[in-house]
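J.: below is the structure, and that's it, no one-letter string:
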């Protein structure tokens, strides 16, 4: 128990932590070394997270998600990372990829992208790193420029998380 109960996680948050830890220990940790050694996508982790609706807990209920708060989302990511850092990028990147949609997307866009993510039918990729900037967002050179009715993307990304296995 915290010396500052106001800042202590709720009972629901602690139950979530225990649930995710148990799942991660049983279904994700056994494959962690192999995932790293083979430099492969942790499909076992995705399957386990989707089966337990923990792959994108932050998606609002109105789009088919659990509607979890920020702390619950972080707890999921933290407990998965405890078992396998690579696997923790599944819920983390789903969060990172959907934030712009949640913050600024039209209702049509939200329905188009958030529903499939919430159902575990789709994942997002995240492209931050660049050869010259690494993961320093302020140093990025890639730009999106509106041209007519569309956008022109100009730049190069490296280490795109979930590339090759994500839909968005």
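T.: The structure has been received and is ready for your questions. On a predicted model such as this, the values are computed, not experimentally measured, just so you know. Numbers count the residues shown, from 1 in each chain.

J.: from the chain's centre, how far out does stretch 59-67 sit?
T.: Relative to the chain's own centre, stretch 59-67 is displaced by 15 Å; criterion: Cα atoms, centre = their mean, to the nearest Å.

J.: do stretch 99-111 as well
T.: 16 Å.

J.: same question for stretch 122-136.
T.: The answer for stretch 122-136 is 13 Å, by Cα atoms, centre = their mean.

J.: next one: stretch 125-142
T.: The answer for stretch 125-142 is 18 Å, by Cα atoms, centre = their mean.

J.: quick one: buried residues of that stretch?
T.: The neighbour-count criterion (16 or more other Cβ atoms under 10 Å) identifies 125-130, 133, 140 as the buried residues of stretch 125-142. The C-beta positions use only the backbone N, C-alpha and C, and glycine is treated the same way.

J.: again, but for stretch 31-39
T.: Going by neighbour count (16+ other Cβ under 10 Å), the buried part of stretch 31-39 is 31-32, 35.

J.: next, format those as CSV and append distance to residue 121.
T.: Formatted as CSV, those follow (distance: Cβ to Cβ, whole Å):
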residue, distance to residue 121
31, 22
32, 25
35, 22
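
J.: ok, so of those, who is nearest residue 52?
T.: Nearest to residue 52 out of the buried residues of stretch 31-39 is residue 31 (Cβ to Cβ; 15.7 Å).

J.: go ahead and confirm the closest one touches residue 41.
T.: No: taking contacts as Cβ atoms under 8 Å, residue 31 lies outside contact range of residue 41: 10.9 Å.

J.: for the residue in the chain sticking out farthest from the centre, give me phi and psi.
T.: If you look at how far each residue of the chain sits from its centre, by Cα atoms, centre = their mean, the farthest one is residue 148, at 32.2 Å. Note on residue 148: its backbone torsions stand at phi 60, psi -130 [degrees, to the nearest 10].

J.: doesn't residue 118 make contact with residue 102?
T.: No: using Cβ under 8 Å, residue 102 is not in contact with residue 118, being 11.7 Å away.

J.: the more surrounded of these two?
T.: Shown here are residue 102 and residue 118; by other Cβ atoms under 10 Å, residue 118 has more neighbours (25 against 16).

J.: look up how far residue 141 lies from the more buried one.
T.: Applying Cβ to Cβ, to the nearest Å, the value for residue 118 to residue 141 is 34 Å.
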